[in-house]
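# make a model of this:
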Amino acid sequence: MFLTSRDRALKALKDKDPTMKENAEYIAKDLERTLISTNQFNYLSKNWKRLRDMLYTISYARPDIGYTQGLNFYAGLLILNCRNNEAFNLLSYLLSIPIISNCMMVDARLMEMYADVLEELVSGQSQRLGKYLKSLGYKFVSYVFDAVVPLFMKSFPYETVLKIIDRIIQKPEIGIYRVSVAVFKALESILLTQRAEQIMMTVKWPLDHVTEDELFEILDNLVID
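I've put the predicted structure just below:
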């Protein structure tokens, strides 16, 4: 499936399809910016070429999304841990989950809606925390931008993100929400002592305050009505 889709994308680029040409220009700028700490996507390296072809292919296969900043991180992480076909299938699946695809397109209206749902779910787990965050004027949409849009890659080590992706796939409709609620629940005692600006940093980097095992224990036992 990947090879067929890749060949179609490359043909469209060769034929100077305007959309593919535009996608390719943006992709070229982001390739070497991908997961810089891994040093795996240096110019013309094997993984650089794999990532380029993956991004060409997925942007062609999903014209409703095309290429958006951040997609390179999704693809890069999967490429480093899967073969091309597996990475493509998994990336395609993740982008079929509405909350992920809509966040990739940065639909402000829908992101506000997701933030409202997240606020309600957090309050459902802890009325005390929900009321406290509301009293501070904390905006859950900031968490959606900082954590959900990059699929938690700015919040956790890449090895942890892979585990998170596995949890999301198990329950795709609510997986993102479950992870987000687990973060707030794990940090509750700390958040209740902080101001809004501190909270933004704490939830962005939760493993500065709790262990991965503690977070996943809460996540795996979380019940959302």
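# pLDDT weak spots in this structure?
225 (pLDDT under 70).
# just give me the residue right at the centre of it.
In the chain, the centroid-proximal residue (Cα atoms, centre = their mean) is residue 151; its distance is 1.5 Å.
# thought that residue was touching residue 158?
No - assessed by Cβ atoms under 8 Å, residue 151 is found out of contact with residue 158, at 10.9 Å. C-beta coordinates here come from the backbone N, C-alpha and C atoms, glycine included.
# show me what the helix ranked longest in the chain is packed up against.
The residue-count maximum for a helix in the chain (DSSP state H) belongs to helix 108-125. Packing contacts for helix 108-125, counted by 3 or more Cβ pairs under 8 Å, 6 or more residues apart in numbering; DSSP states H and E, involve helix 98-104, helix 127-136, helix 140-143, helix 175-186.
# closest to residue 72 out of the ones you listed?
Closest approach to residue 72 among these (Cβ to Cβ): helix 98-104, 11.3 Å.
# quick one: residue 116 and residue 134 touch, right?
No - with contact defined as Cβ under 8 Å, residue 116 and residue 134 do not form a contacting pair (11.8 Å).
# tell me the angle of the longest helix of the chain relative to helix 127-136?
Put simply, helix 108-125 runs at 140 degrees to helix 127-136, going by axes from the mean of the first three to the mean of the last three Cα atoms, to 10 degrees.
# give the buried residues for helix 108-125.
Of the residues in helix 108-125, 110, 111, 114, 115, 118, 119, 121, 122, 123, 125 count as buried by neighbour count, 16 or more other Cβ atoms under 10 Å.
# same list (the residues you listed) but as JSON lines, adding distance to residue 183.
JSON lines is the format used below for these (distance: Cβ to Cβ, whole Å):
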{"residue": "110", "distance to residue 183": "21"}
{"residue": "111", "distance to residue 183": "17"}
{"residue": "114", "distance to residue 183": "15"}
{"residue": "115", "distance to residue 183": "14"}
{"residue": "118", "distance to residue 183": "10"}
{"residue": "119", "distance to residue 183": "13"}
{"residue": "121", "distance to residue 183": "12"}
{"residue": "122", "distance to residue 183": "9"}
{"residue": "123", "distance to residue 183": "15"}
{"residue": "125", "distance to residue 183": "11"}
